[in-house]
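A.B. asks: For reference, the sequence and a predicted model appear below.
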Amino acid sequence: MKILVVGLDCAAPELLLGDERLVNFRRLMEAGCYGRMESVVPPITVPAWMCMSTSQDPGSLGVYGFRNRSDHSYGGLRIVNARSIQELAIWDQIAREGRRSVVIGVPPGYPPRKVNGVSVGCFMTPDTTKDGWTHPAGEKAVIERLVGEYPVDVKGFRTDDKAWLRDEIFAGSRKRFEVVRHYLRETEWDYFQFVEIGLDRVHHGFWKYHDPEHVLHEPGNAYQEVIRDYYRYLDEELGSLLELLADDTVVLVVSDHGAQKLDGGFCVNEWLVREGLLVLNEYPKAVTPFEKLDVNWDRTTVWSEGGYYARVFLNVKGREPQGVIEPGDYESFRDEVKARFEATPDEGGRALGTLAFKPEEVYRNVRNVAPDLIVHFGALSWRSIGGVGYPSLHLQENDTGPDDCNHAQFGSFILAASNSPLQGEVEGAHLLDVAPTLLELGGYDVPPSMQGRSLVAGGAVTALGASEEDVVRERLSGLGYI
C-alpha cells in the first residue's frame, strides 16, 4: 500500500483536532483514528522529525538539538545537517525492499538525502538560489519552473511587522504545497513524506494574538484569527491532496510536537552566575551572549546554552580542558544541580515547575557528546535565555526576537488506513511509534532496531488460517525447526 505522511510542524492537538470547521481533517478522523502524540525530550523540530522517521530517540541518534557539542571543548558546538543522522529512516527501509520515496522538507534535510526517489531540502537549506538542495540535482530546475524561487522558510520571521509576516507565511506555504501536489501527481512513489514549516512560524509569530491566556494578549486585536485562518487554509490544502490519492493509501497527519503560550524567558547563565556555578573574570557592562563572555574556567562548574530548552554542561576534570569537578563527585554534584534547577522560582518566588532530565534516564542510548542535563523551564512555558547582563532573571522580551509560543510535549496525529483496526481517539501514542506503525500498515518489515511499537499491534497483518498454519507447522517440523 502507498503511504502519505503530512507533517505539520508544531500542530497543536487542541486546534487541529478540536475545530469542526476543518472538514478534511475531520473526514480523516472519522475514517480512522486520532489523538495526542507524545514527543521526545526535548520536543524540538531537530531531532524530533528524524526521531519519528527512524524510531530512535535523540540519544540513540546522538543529536540533542540544532546545535550539539562536537567534542568536550568549550566552543565545540556544531549545527547539525542531514549527514548527522546515521540511523536508517523509514524511507531507507522501504528502499531496501525495492520501493521508491519522495521526501520533502524533513529536517534536517540539507544536504539533500540520497533516497531511492526524490528528496527536497528543508528550511535549513542555506540558499535555494545557489545551493544544490534536491536529489536528483535536476529536480531543482523542475521546482523553479513550477514556482520560481522556492521558499524553504520565511526569512526574518521574528519580526514585529505582523501583516508582512502573515502574508509571507501564506505565500510560502502555497508554493510548497504546489510542489507537493506536483510530485504526488507526476512521480512514481510508494512512500511520500513532507513537512510544512509554516504552521510553526504562525504559532511563534501570532500566539499572543490568538490565546486569551497569553500574558501579552490584547482582546479584539487585528491578528486574533490568523492562527485559526491558517489551520483552515491547511484544511483546504489537505483536501486538494486527498483528491490525488488512491482510496487504499495510508494517510497520516502528524506533528513533531505541540504549541503552548510562552510566559517569558529565564536567564539561565545569569542565574548560574548568581548561584556561583558560572564564574566570570569580568561581568559584562551590557547584555552579552555566552560565547563572548570572559569565563573563568578554573572556577566554573556549570554553564548552559539557551534556546527553547537549556542544555546544561558540567566542567569535569579530565573531560573538559580546565575541568574542576572530580569524576568521583560527578553524579552527586549533578544530582545537586538538577535539584537546584527544578527549584528555580518564578517572578513571585514560587516554583517555576522546571523539569530537568538526565540523558541516560530518558534515552535508550547516549551517543556523541550529550548535555549533562536537559532542562525545560516551567515545563517549557518559559524559554531559556543564554546571555548575561540582564537586570532580572525573568524577561518578557526574547533574546532572538519576538516569539509568542514555546513547544509543547504533546503533538497531534490523525491516521486513516483501510487495513487499520484502530478507530476513534487513541491514547498513549508516541512519536517513536510512527515508523513501525506505517511499515506494518504498508506491508513492510519492521527492523528490530526500531524503538517504538506499532500502534496497530499486528492487527493490520493478515494471519494464517488454521489449515494454512497446520501445513506450515508440519513443514517446519519436518525441517527440524520445531
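C.D. replies: Looks like it arrived, so ask away. Numbers count the residues shown, from 1 in each chain.
A.B. asks: Do a quick rundown of the strands in the stretch 1-150 of the chain.
C.D. replies: Residue ranges of the strands in the stretch 1-150 of the chain, as given by DSSP state E, counting those that start in this stretch, are 3-8, 33-38, 67-69, 77-79, 101-104, 117-120, 134-135.
A.B. asks: As a markdown table, these with distance to residue 191 would be great.
C.D. replies: Glycine gets a C-beta too; all of them are placed from N, C-alpha and C. Shown next, in a markdown table, are the strands of the stretch 1-150 of the chain (distance: least, C-beta to C-beta, whole Å):
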| stretch | distance to residue 191 |
| --- | --- |
| strand 3-8 | 5 |
| strand 33-38 | 19 |
| strand 67-69 | 28 |
| strand 77-79 | 28 |
| strand 101-104 | 4 |
| strand 117-120 | 8 |
| strand 134-135 | 15 |
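A.B. asks: tell me the secondary structure for residue 413?
C.D. replies: Assigned with DSSP: H, G, I helix; E, B strand; the rest coil, residue 413 falls in the strand class.
A.B. asks: For it, give me its contacts.
C.D. replies: By C-beta atoms under 8 Å, 6 or more residues apart in numbering, residue 413 lies in contact with 34-37, 252-255, 429, 434.
A.B. asks: switch the cut-off to 10 Å
C.D. replies: Residues near residue 413 by C-beta atoms under 10 Å, 6 or more residues apart in numbering: 8, 11, 13, 16-17, 32-37, 52, 252-255, 426, 429, 431, 433-434, 437, 455.
A.B. asks: Next: residue 2.
C.D. replies: By C-beta under 10 Å, 6+ apart, the contact list for residue 2 reads 99, 184, 189-192, 245-246, 248-251, 442.
A.B. asks: rerun that using 8 Å as the cut-off
C.D. replies: Residues near residue 2 by C-beta under 8 Å, 6+ apart: 189-192, 245-246, 248-250, 442.
A.B. asks: re the thing from before, which ones among the contacts of residue 413 map onto helices?
C.D. replies: Among those, the members falling in helices (DSSP state H) are 13, 16, 52, 434, 437.
A.B. asks: Tell me the most packed of these, by neighbour count.
C.D. replies: Among the ones in helices among the contacts of residue 413, residue 52 has the most neighbours (other C-beta atoms under 10 Å), with 32 neighbours.
A.B. asks: Next, find the distance separating that one from residue 144.
C.D. replies: Per C-beta to C-beta, to the nearest Å, residue 52 is found 29 Å from residue 144.
A.B. asks: can you check residue 196 too?
C.D. replies: Taking C-beta to C-beta, one finds residue 196 at 20 Å from residue 144.
A.B. asks: One more: residue 106?
C.D. replies: The gap separating residue 106 from residue 144 is 21 Å, by C-beta to C-beta.
A.B. asks: more neighbours, these two?
C.D. replies: Applying other C-beta under 10 Å to residue 106 and residue 144 shows that residue 106 carries more neighbours, namely 24 against 14.
A.B. asks: Of all the strands of the stretch 1-150 of the chain, which one is nearest residue 265?
C.D. replies: strand 67-69 (17.9 Å; C-beta to C-beta).
A.B. asks: Give me the distance from the closest one to the chain's centre.
C.D. replies: How far strand 67-69 lies from its chain's middle: 16 Å, per C-alpha atoms, centre = their mean, to the nearest Å.
A.B. asks: Now it: average pLDDT?
C.D. replies: Averaging pLDDT along strand 67-69 gives 94.
A.B. asks: With stretch 401-421 instead?
C.D. replies: Mean predicted confidence for stretch 401-421 is 94.
A.B. asks: just to revisit the earlier point, dump the strands of the stretch 1-150 of the chain to a markdown table, plus mean neighbour count and distance to residue 340.
C.D. replies: Output for those, formatted as a markdown table (neighbours: other C-beta atoms under 10 Å; distance: least, C-beta to C-beta, whole Å):
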| stretch | mean neighbour count | distance to residue 340 |
| --- | --- | --- |
| strand 3-8 | 24 | 37 |
| strand 33-38 | 22 | 27 |
| strand 67-69 | 19 | 22 |
| strand 77-79 | 14 | 24 |
| strand 101-104 | 24 | 43 |
| strand 117-120 | 25 | 44 |
| strand 134-135 | 20 | 47 |
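A.B. asks: and of those, who's closest to residue 306?
C.D. replies: Nearest of those (C-beta to C-beta): strand 67-69, 10.5 Å.
A.B. asks: Other residues contacting that closest one?
C.D. replies: Residues contacting strand 67-69 (C-beta under 8 Å, 6+ apart): 62, 76-80, 84, 305, 313, 368-369, 371.
A.B. asks: What are the boundaries of the helices in the protein?
C.D. replies: Under DSSP H, the chain gives helices at 13-16, 23-31, 45-54, 58-61, 90-96, 139-147, 162-186, 198-210, 226-242, 268-274, 330-342, 359-362, 434-442, 466-478.
A.B. asks: out of those helices, deepest packed?
C.D. replies: The highest mean neighbour count among the helices of the chain, using mean count of other C-beta atoms under 10 Å, belongs to helix 45-54: a mean of 27.
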